[in-house]
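Undergrad: Provided below are the primary sequence and the corresponding predicted coordinates.
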Amino acid sequence: MSGQLQNQHVGLFFSNFNGGGIQRVMLSLAEGLLQQGCRVDLILVRAEGPLSTEIPAGCHIFDLQTGHASKSLFKLIYYLSSEKPRVVLSSQTHINVIAVLARILSGWSGRLLLSEHIALDFASRYPTNWKDRFFPILARIFYRGADEIILVSKETARHFVQATHLPEKMIKVIYNPVVSEKQIEQSKVHPNHAWFTSPGTPVLLAAGRLTRQKDFTTLLKAFALLHKRLPETKLMILGEGEERAHLEQLSEELGLHDAVQFPGFVINPFAYMANASVFVLSSRWEGFANVIAEAMACGTPVVSTDCPSGPAEILEGGKYGRLVPVGNPEALAEAIFQELKYPHDKNLLMQRANEFSIDNILPQYIECLFPDQD
């Protein structure tokens, strides 16, 4: 399949190289498209962040250097007018709005795809800033200016249609390409941490921004219950965010000081996943929940909230991992306890995770990017 799209010109427009799921997806797509022979431009609001070390060789970087999407409009118009890519894929609501406006104002005649990685109704209901409240309205107004809209799960697509009333014919569901050979190689690295070298120490792992959405408060309360039954267990939460101080304080109040750690953002979370006993997702809502598929690719059993949207689809309603109600520490603690005692089969998890590999997902993106390609 390599080299089938020789010299096709693709622009990927996103915010930065911070360590989020969207950034990893875009970099994974960039690498896959490069291998197909495409010219790939990475267009960024600001080209900085820890994942800048993961940029695939051969990408062209267009750093708009504005810091805020709203200030990027005229520089994006210039990019479209001067570089004339055949197709642009944009990601994140505020970025997508700018992409649509730039298309209209530049007169650029290429193909524009927008990808949406969150459930817009939940983002507006539980905003992290004032702009989030307007996401459904912005999408309803501006997204008609795209050729196609990619949603990352069936449930997210259902929420999107309800929130925006946009026609379903504009929408395509494509799961995120979160599993790659590079990730598998990174998972073979052993973490330099005492917890992973102590035999008989079950380590629970969670990863994500320390925000209300991820609901690590419920996870800590669940772990406190579990720790009473299994005092040897440990909990590690990877990531940074505005709730760090609150979570650290709660950990102290629950008497978990020696059993919980917050290492912050790590460039290679897969090494931790591969060596954890159970991966736990405690979110209130998701778009796809990349980390579940990534953990499964490492052969690590998963316990997740049955939140909208993504986990139930990835785990097929509980076939590949345990699902519990959102915000229920007792149910979460019991599910983790059962998974430690009776873990899902490692090989079965890895087979399922392969369905979210770049090899399986990239052709679906290519079909959207180049619908007229032979």
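TA: Structure received.

Undergrad: residue 85 - how many residues pack around it?
TA: The local packing of residue 85 (other CB atoms under 10 Å) involves 23 other residues. For glycine as for every other residue, the C-beta is placed from the backbone atoms N, C-alpha and C.

Undergrad: which elements pack onto the helix or strand of the chain with the lowest mean pLDDT?
TA: Lowest mean confidence among the helices and strands of the chain (mean pLDDT, DSSP states H and E): helix 120-125, at a mean of 72. Judged by 3 or more CB pairs under 8 Å, 6 or more residues apart in numbering; DSSP states H and E, helix 120-125 is in contact with helix 135-142, helix 154-164.

Undergrad: distance from the longest one to the middle of the chain?
TA: A distance of 17 Å separates the C-alpha centroid of helix 154-164 from that of its chain, computed with CA atoms, centre = their mean, to the nearest Å.

Undergrad: what residues sit buried inside that helix?
TA: Within helix 154-164, the residues scored as buried using 16 or more other CB atoms under 10 Å are 155, 156, 157, 158, 159, 160, 163, 164.

Undergrad: residues in contact with the last one?
TA: Each residue near residue 164 by CB atoms under 8 Å, 6 or more residues apart in numbering is listed here: 120, 136, 139, 140, 143.

Undergrad: same thing with the fourth one?
TA: With contacts defined as CB under 8 Å, 6+ apart, the neighbours of residue 158 are residue 309.

Undergrad: mind checking how far it is from residue 212?
TA: Separation of residue 158 from residue 212 (CB to CB, to the nearest Å) stands at 23 Å.

Undergrad: kindly report the same for the third one.
TA: Distance, residue 157 to residue 212, by CB to CB: 24 Å.

Undergrad: where does pLDDT dip in this protein?
TA: Applying pLDDT under 70 to the chain flags the ranges 1-3, 124, 126-130, 374.

Undergrad: buried stuff in the least confident helix or strand of the chain?
TA: For helix 120-125, a neighbour-count test (16+ other CB under 10 Å) marks 120, 121, 122, 123, 124 as buried.

Undergrad: rewinding a little: so which of the contacts of residue 164 is the closest to residue 281?
TA: Proximity of the contacts of residue 164 to residue 281 (CB to CB) peaks at residue 120, which lies at 20.3 Å.

Undergrad: got the contact list for the closest one?
TA: When contacts are counted by CB under 8 Å, 6+ apart, residue 120 touches 93, 135, 136, 139, 159, 160, 163, 164.

Undergrad: can you give me the strands for this protein?
TA: All strands of the chain, identified by DSSP state E, fall at 9-14, 39-44, 60-63, 87-91, 111-116, 148-151, 171-173, 203-207, 234-238, 260-264, 278-281, 302-305, 322-324.

Undergrad: in its sheet, what does the fourth one sit against?
TA: Going back to what we said before, that points to strand 87-91. Next to strand 87-91 in the sheet, as set by DSSP bridges, lie strand 9-14 (parallel), strand 111-116 (parallel).
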